[in-house]
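**Student:** Predicted model and sequence below, questions to follow.
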Amino acid sequence: MGNVHAVEIVFLLLLLFIVLLGYLAKRLGTPYPIVLVVGGLLLSFIPHVPRVSLNPDLVFLVVLPPLLYHAAWLTSWREFSYHLVSIVLLAFGLVTFTVFGVTQGAEWLLPGFDWRVGLLLGAVVAPTDAIAATTIAKRIGLPKRIVDILEGESLLNDATALLALEFGIALLLGSERPTFTAGLLRLLYLTLAGVAVGLALGEVVHQVEDHIEDGPIEIALSLLTPYAAYLAAESVRASGVLAVVACGLYLTRRSSHFYSPAVRLQAWAVWDSLGFILNGFVFLLIGLQLPYVLSAMPQYKASTLMMYGAGFSAFLIVLRLIWVYPGTFFANVIRERVLHQKEPKPSLRSIFVVGWTGMRGVISLAAAVSLPHVLANGEPFTQRNMIIFLTFSAILVTLVLQGLTLPPLIRALGLAGSSSTGSEEKEARRAMAEAALRHLEIASQKGDSKINEVYDDLAQHYRHRLATLNDGDSADASAAAFYKRFVDVSRELIEVERRTAIELRNQRRISDSLLRDLEYELDLNDIRLVERQS
């Protein structure tokens, strides 16, 4: 019972730190992963702060599936499939290049490292975490093409890196060396079987969702889905990462068929909160690991460790920058000549920004902590602690240094504010308004003449919206002012209704349960008004 009580206290303290540091990040205008890592780092020096070690099983089995599923749910399949060549060359090509680059460089840079240990280190630090990068990119207005590629890379590169880690451990502990053919076949099986499991489970969930019309049950099912996909794939030795990603991408395309508007709003709220909390935990835990990392290496001076950490982190950054230029050129050749995509060639500045967003995250640290303590011959794995330290250093340097310098870098390169989806959105709204008008015309001809005023009123509203869209940019300011005033007045009326309902409850003319139902309906209307204005 005492241990449970201690765990509850630690959990509540961590949650409190996440809330406080998340609020601080919002006030500073800094991506919350950076503030949480730095905050955890500073908290680790405070006496009597609970020491929380990072459990790799907790990361891989509890944290990773819902985060991947949420990221896949937010990813547009159209953009993902369109940029698939570029994404694959980063998620598979760059990971492979990083693993081999670190394998070769570790023998020269790090004492006591041979090529097998270097391979392990390369597999550990190869995957990137694009949360901080895409958060900054979207806020500043980085070209959407870059943001889509970064998001796609972060969805897929974990699977490649974990496969490399599997082979590195097999080389270190096993008596037989895996061949290149065996590695290629294993990669194909991981990929194809993982995707197949994810799609199959996605279709099952789709069929079940079609027969359920209850918000809490549907949301509970959505929380269960990523774990089911991950464990199902792992049970057949396929990639749980790719299974979760495939399932998420499939269901996000089908969600408009089985989610009602009310359930969709509830699900977004639940998943946004869950994503923030889980990301908050992992980034805060990264910062809190410093005492464990340093205590395992008492034989090294602080200056020596700093030199190793800074040098290795710089080496990783250079490896990514070296790859992105020829990798981008090769991707464009395939997209133009094979896929016949008429995509303008990216500028050297855009390619550099992609190279500068190679931030590492909790997957790398969890992979490092999961390394064995003892070799196959019974001797201790002496380089394990150095691998953990170098991984921690790479995460800290890439998240903080690259994360904080990315906004000024984007502005200096003239890429800020160049993202634009306005024309696509305007065309979609125009088509929707025209379709609504056609439907109103048909309905008014078939309907009762007594309610023609309703059709006329609605048609006038849609004609006004269509005229505003057709007028172009010159009407944007006046349209924005009109809709802002419309929303403001409508929200005032909602507040009047809300206060009236509360007064009726206080007068015992309606029950508490009915008040909750009425308030929920008013809240939905309020949210829809805000979304309509935006």
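**Tutor:** In hand now; what should we look at?
**Student:** just for the stretch 101-250 of the chain, where's the confidence low?
**Tutor:** Residues of the stretch 101-250 of the chain meeting the criterion pLDDT under 70: 130-141, 174-178.
**Student:** Mind doing that once more with 80?
**Tutor:** 129-144, 159, 171-183 (pLDDT under 80).
**Student:** residue ranges for the helices of it, please.
**Tutor:** Using DSSP state H, counting those that start in this stretch, the helices of the stretch 101-250 of the chain run over 115-125, 131-140, 144-173, 180-209, 215-235, 240-258.
**Student:** Out of these, which one sits most buried?
**Tutor:** helix 115-125 (a mean of 25; mean count of other C-beta atoms under 10 Å). (Each C-beta comes from the backbone N, C-alpha and C, glycine too.)
**Student:** In space, what's closest to the residue nearest the centre of the chain - neighbours in sequence excluded?
**Tutor:** The residue lying closest to the centre of the chain (C-alpha atoms, centre = their mean) is A71, at 3.9 Å. Computed as C-beta to C-beta, 6 or more residues apart in numbering, the closest residue to A71 that is not its neighbour in sequence is L155, at 6.0 Å.
**Student:** For L68, see how far away the one you found is.
**Tutor:** 7 Å (C-beta to C-beta, to the nearest Å).
**Student:** Retrieve the pLDDT associated with the residue nearest to the centre of the chain.
**Tutor:** Listed pLDDT for A71 reads 86.
**Student:** buried sites along whichever strand or helix holds it?
**Tutor:** Using DSSP states H and E, A71 falls within helix 64-74. Burial within helix 64-74, assessed by neighbour count using 16 or more other C-beta atoms under 10 Å, is assigned to L64, P65, P66, L67, L68, Y69, H70, A71, A72, W73.
**Student:** Return the closest of those residues with respect to G309.
**Tutor:** L64 (25.2 Å; C-beta to C-beta).
**Student:** Longest helix of this structure, counting residues only.
**Tutor:** Longest helix in the chain by number of residues (criterion: DSSP state H): helix 302-337.
**Student:** helix/strand/coil for V52?
**Tutor:** coil (DSSP: H, G, I helix; E, B strand; the rest coil).
**Student:** who's in contact with it?
**Tutor:** The contact partners of V52, taken as C-beta atoms under 8 Å, 6 or more residues apart in numbering, are V10, L14, L285, L288.
**Student:** returning to what we had before: give the intersection of the neighbour lists for L155 and L68.
**Tutor:** V245.
**Student:** Roughly how far does E379 sit from L172?
**Tutor:** For E379, the distance to L172 - C-beta to C-beta - is 11 Å.
**Student:** Select the helix or strand of this protein having the lowest average pLDDT value.
**Tutor:** helix 131-140 (a mean of 65; mean pLDDT, DSSP states H and E).
**Student:** how about stretch 284-292: buried residues?
**Tutor:** L284, L285, I286, G287, L288, Q289, L290, Y292.
**Student:** Could you do stretch 46-53 as well?
**Tutor:** Those would be V49, V52, for stretch 46-53 by 16+ other C-beta under 10 Å.
**Student:** got the CA coordinates for that stretch in CSV?
**Tutor:** Extracted in CSV, the C-alpha atoms of stretch 46-53 (Å, rounded to 0.1, in the frame of the first residue of the first chain):
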residue,chain,number,x,y,z
ILE,A,46,16.5,20.2,-6.7
PRO,A,47,17.0,18.1,-3.6
HIS,A,48,14.1,15.8,-2.5
VAL,A,49,12.4,16.0,-5.9
PRO,A,50,11.3,12.4,-6.7
ARG,A,51,13.7,10.5,-8.8
VAL,A,52,11.8,8.8,-11.6
SER,A,53,13.6,6.3,-13.9
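**Student:** so how far is it from its chain's centroid?
**Tutor:** Its chain's C-alpha centre and that of stretch 46-53 lie 28 Å apart, by C-alpha atoms, centre = their mean, to the nearest Å.
**Student:** do stretch 515-528 as well
**Tutor:** On C-alpha atoms, centre = their mean, the centre of stretch 515-528 falls 30 Å from the chain's centre.
**Student:** contacts for it?
**Tutor:** With C-beta under 8 Å, 6+ apart, stretch 515-528 has contacts from 261-262, 265, 490-491, 494, 497-498, 501-502, 504-505, 510.
**Student:** buried sites along it?
**Tutor:** In stretch 515-528, counting by 16+ other C-beta under 10 Å, buried: L515, L518, L522, D526.
**Student:** average pLDDT across it?
**Tutor:** Here the average pLDDT along stretch 515-528 is 78.
**Student:** Please put the alpha-carbon coordinates of that stretch into PDB.
**Tutor:** Below are the C-alpha coordinates for stretch 515-528, written out as PDB (Å, rounded to 0.1, in the frame of the first residue of the first chain):
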ATOM      1  CA  LEU A 515     -29.700  21.500 -17.100                       C
ATOM      2  CA  ARG A 516     -26.600  19.500 -18.000                       C
ATOM      3  CA  ASP A 517     -28.200  18.400 -21.300                       C
ATOM      4  CA  LEU A 518     -29.200  21.900 -22.200                       C
ATOM      5  CA  GLU A 519     -25.700  23.300 -21.300                       C
ATOM      6  CA  TYR A 520     -24.100  20.600 -23.400                       C
ATOM      7  CA  GLU A 521     -26.200  21.600 -26.400                       C
ATOM      8  CA  LEU A 522     -25.400  25.300 -25.800                       C
ATOM      9  CA  ASP A 523     -21.700  24.400 -25.600                       C
ATOM     10  CA  LEU A 524     -21.800  22.600 -28.900                       C
ATOM     11  CA  ASN A 525     -23.400  25.600 -30.500                       C
ATOM     12  CA  ASP A 526     -20.800  27.900 -29.000                       C
ATOM     13  CA  ILE A 527     -18.000  25.700 -30.400                       C
ATOM     14  CA  ARG A 528     -19.600  25.600 -33.800                       C
END
